[in-house]
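Asks: Sequence below, structure please.
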Amino acid sequence: MTTRKAREAAPASTAKRRVATGAASTGAAERRIQRTQDARDARAAAAGEDKKAKVAVQAGARRQPVKLPAQHQAKPGDEARLALAPQFMAPDYRGSGKLEGFAAIVTGGDSGIGRAVAVLFAREGADVTVIYLDSHRDAKETKARIEAEGRRCLLIAGDVKDSKFCDRAVARAVKTFGRLDVLVNNAAYQQHAASIEDLTDERLDLTFRTNIHGYFHMARAALPHMKERASIINTGSVTGLKGSPKLLDYSSTKGAIHAFTKALAQNVIDKGIRVNAVAPGPVWTPLNPADSPADKVAEFGADTQMKRAAQPEELSPAYVFLASPVCSGYITGIVLPVTGSVGAI
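Replies: Next up is the predicted model:
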């Protein structure tokens with residue numbers, strides 16, 4: 001007769017055998033899946049699929065340039081002298097009056113992202129004041145493009161580091177157009193450095209006073225003229241989200257711009273004025289060739305998941321979206337990444 005102890009031991013022994021059998025089965029399944037995937041990987045490598053995966057991504061309305069010229073420029077950089085003209089006209093973008101009757105100011109609006117934004121603002125019905133440093137030829141081209149959209153353009157040359165200049169520029173813009181609905185803070189200075197030891201007080205002062213002090217100056221001058229439904233849009237950067245080892249001061253200012261955006265948005269929300277930012281990834285503008293050596297310029301943007309730099313016209317619709325009350329009237333204090341990669345924030 002089977003003892004009670006034996007009867008109790010039997011189920012435990014059976015359970016152990018089941019666990020062992022299950023573990024062996026799972027292990028065999030894992031190895032079988034691994035062998036299958038290994039074979040697929042080998043076939044993909046033989047077919048060169050890894051190389052195909054490195055082809056730049058084209059996901060927009062029209063194909064954008066991939067290969068950039070190995071070019072270096074003297075600062076602040078001229079769009080007219082770029083060997084590859086940036087794409088800024090967005091020919092597939094159709095205006096629909098989203099900014100009809102508005103008046104906007106765009107700093108750094110003579111070239112790059114600023115020019116593309118100014119053109120689309122005009123296409124949406126806004127008159128535009130373009131504030132720029134000293135690239136007069138670029139500024140005149142931007143003005144011609146704005147006027148070709150059927151809107152008025154005021155050019156003002158000067159330095160946003162100077163708060164008194166900012167006050168005068170805003171006053172002149174308001175006098176010319178009778179109102180101020182959108183301020184785009186976009187002017188920027190960038191110069192790479194291999195080490196923090198290379199960042200002299202002069203360089204730090206120039207970067208911070210241009211990139212963040214200038215934003216404060218312009219916002220402070222603009223806000224007394226802004227009413228409900230107006231907005232401020234700041235140009236941040238992916239470097240302000242992730243950092244950049246050779247752009248220590250520039251990255252720091254861009255991080256400050258993101259914080260400034262969130263803080264100012266809270267400060268003025270009760271006035272019905274919205275404050276947002278766009279954080280671009282690499283964009284083909286005069287800023288980069290006026291910073292990096294020519295060989296680095298040729299590789300610009302290749303490390304994004306889209307494996308290419310953006311063109312300005314791929315950024316400008318984001319500014320229209322944030323400027324337009326009909327599109328983003330319930331959005332304030334955000335930093336919108338347009339980076340060509342997943343997981344920017």
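
Asks: For the residue nearest the centre of the chain, list each beta-bridge partner.
Replies: Nearest residue to the geometric centre of the chain (Cα atoms, centre = their mean): P280, 1.0 Å. Under the criterion DSSP bridges, P280 forms beta bridges with V338.

Asks: ok now do it, which residues does it touch?
Replies: Applying Cβ atoms under 8 Å, 6 or more residues apart in numbering, we find P280 in contact with 113, 235-238, 310, 315, 338-339. No exception for glycine: its C-beta is placed from N, CA and C like everyone else's.

Asks: Using CSV, write out every CA atom in stretch 172-181.
Replies: Extracted C-alpha coordinates of stretch 172-181, given in CSV (Å, rounded to 0.1, in the frame of the first residue of the first chain):
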residue,chain,number,x,y,z
ARG,A,172,9.2,101.2,-36.0
ALA,A,173,7.4,98.0,-37.0
VAL,A,174,4.3,98.9,-35.0
LYS,A,175,4.3,102.4,-36.5
THR,A,176,4.6,101.0,-40.0
PHE,A,177,2.0,98.3,-39.8
GLY,A,178,-0.2,99.6,-37.0
ARG,A,179,-0.2,96.4,-34.9
LEU,A,180,2.0,93.5,-33.8
ASP,A,181,0.6,90.0,-33.6
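
Asks: So which residues make contact with it?
Replies: With contact meaning Cβ under 8 Å, 6+ apart, stretch 172-181 is reached by 99, 102-105, 126-127, 129, 152, 154, 156, 170, 222, 225-227, 229-231, 323.

Asks: let's see it at 6 Å
Replies: Identification of contacts with stretch 172-181 by Cβ atoms under 6 Å, 6 or more residues apart in numbering yields 102-103, 105, 127, 129, 154, 222, 225-226, 230.

Asks: What is the host helix or strand of R220 packed up against?
Replies: Per DSSP states H and E: R220 is located in helix 214-222. Applying 3 or more Cβ pairs under 6 Å, 6 or more residues apart in numbering; DSSP states H and E, one finds that helix 214-222 contacts helix 163-177, strand 182-185.

Asks: continuing past that helix, what's the next helix or strand?
Replies: Next along the chain after helix 214-222, taking DSSP H and E as the criterion, comes strand 231-235.

Asks: Can I get the helix or strand just after that following strand as CSV, trimmed to CA atoms?
Replies: For strand 231-235, the following helix or strand on the C-terminal side (DSSP H and E) is helix 238-242. The C-alpha trace of helix 238-242 is given here as CSV (Å, rounded to 0.1, in the frame of the first residue of the first chain):
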residue,chain,number,x,y,z
VAL,A,238,17.8,69.9,-30.6
THR,A,239,21.1,70.8,-28.9
GLY,A,240,19.1,72.4,-26.2
LEU,A,241,17.3,69.1,-25.7
LYS,A,242,20.2,66.7,-26.0
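
Asks: Average pLDDT for the helix or strand just after helix 238-242, rounded please.
Replies: Heading C-terminal from helix 238-242, the first helix or strand you meet, by DSSP H and E, is helix 248-268. For helix 248-268, the mean per-residue pLDDT is 97.

Asks: picking up where we left off before, buried deepest among the helices and strands packed on helix 214-222, which one?
Replies: Among the helices and strands packed on helix 214-222, strand 182-185 has the highest mean neighbour count (mean count of other Cβ atoms under 10 Å), at a mean of 29.

Asks: Go through the helix or strand following it and flag the buried ones.
Replies: Counting by DSSP H and E, the next helix or strand C-terminal to strand 182-185 is helix 201-208. Across helix 201-208, burial judged by 16 or more other Cβ atoms under 10 Å covers 207-208.

Asks: Pretty sure A104 sits against N185.
Replies: No: the pair A104 and N185 does not pass the contact test of Cβ atoms under 6 Å, sitting 11.7 Å apart.
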